[in-house]
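Participant: the sequence and its predicted three-dimensional model are supplied below.
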Amino acid sequence: MIEVLALAGMVTKVAGSISAAIKAGKDINGVMPAFGQLAKIESEIHLAESGRHKGPLGRLTSSEEEGYAIASAKMAHKKALTELRSMCRLHAEPGTWDMVVYETAQARKRHKLALEEEAEKRDKVFWLISVVFIALVLAVGTGGLIWGAALLANSHR
């Protein structure tokens, strides 16, 4: 499950580490996993924005605080990408930012699909448990009704 209130902090932390590494002159290949982390956080932000980060019952209790946290994370992510774009263009080799954009898009796509599959499985399990519970309640209720009718019929004889 995604911790929505921590997303903005995660974005800032990861972007800061990337920025420091690029300023220090690190090779871009050593920084790419951190860009992948940033893409993962972005897909989590989008999932939280759509409300699919919670189960069916949890979606009923979304708070304003959570909405503000998602908006804050989106703003932090946008700011981080703007800063990293200029950082890559100033301190890295030409074409680095284009490679970063392509690779992060691929990582974001893979992570988004994985998160959506996880949410889909969670929702299916919830609905399966709900249907089984309702069927069980109906079966017990019907059995009790038949048993009560039989008792009533035997008492009137």
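Facilitator: Okay, I see it.
Participant: ok now the helix or strand bottoming out on mean pLDDT in the chain, how far from the chain's centre?
Facilitator: Lowest on mean pLDDT, DSSP states H and E among the helices and strands of the chain sits helix 28-50, with a mean of 83. Using CA atoms, centre = their mean, to the nearest Å, the mean C-alpha position of helix 28-50 is found 12 Å from that of the whole chain.
Participant: mind giving me the packing neighbours of that helix?
Facilitator: helix 7-23, helix 64-91, helix 96-155 (3 or more CB pairs under 8 Å, 6 or more residues apart in numbering; DSSP states H and E). All C-beta spots, glycine's among them, are computed from the backbone N, C-alpha and C.
Participant: how about Glu93, phi and psi?
Facilitator: phi -70, psi 160 (degrees, to the nearest 10).
Participant: pretty sure Leu5 sits against Tyr68.
Facilitator: No - judged on CB atoms under 8 Å, Leu5 makes no contact with Tyr68 at a distance of 9.4 Å.
Participant: circling back to that earlier point, out of the helices and strands packed on helix 28-50, which one sits most buried?
Facilitator: Mean neighbour count, computed with mean count of other CB atoms under 10 Å, is highest for helix 7-23 among these, reaching a mean of 18.
Participant: what angle separates that one from helix 64-91?
Facilitator: Comparing the axes of helix 7-23 and helix 64-91 via axes from the mean of the first three to the mean of the last three CA atoms, to 10 degrees yields an angle of 10 degrees.
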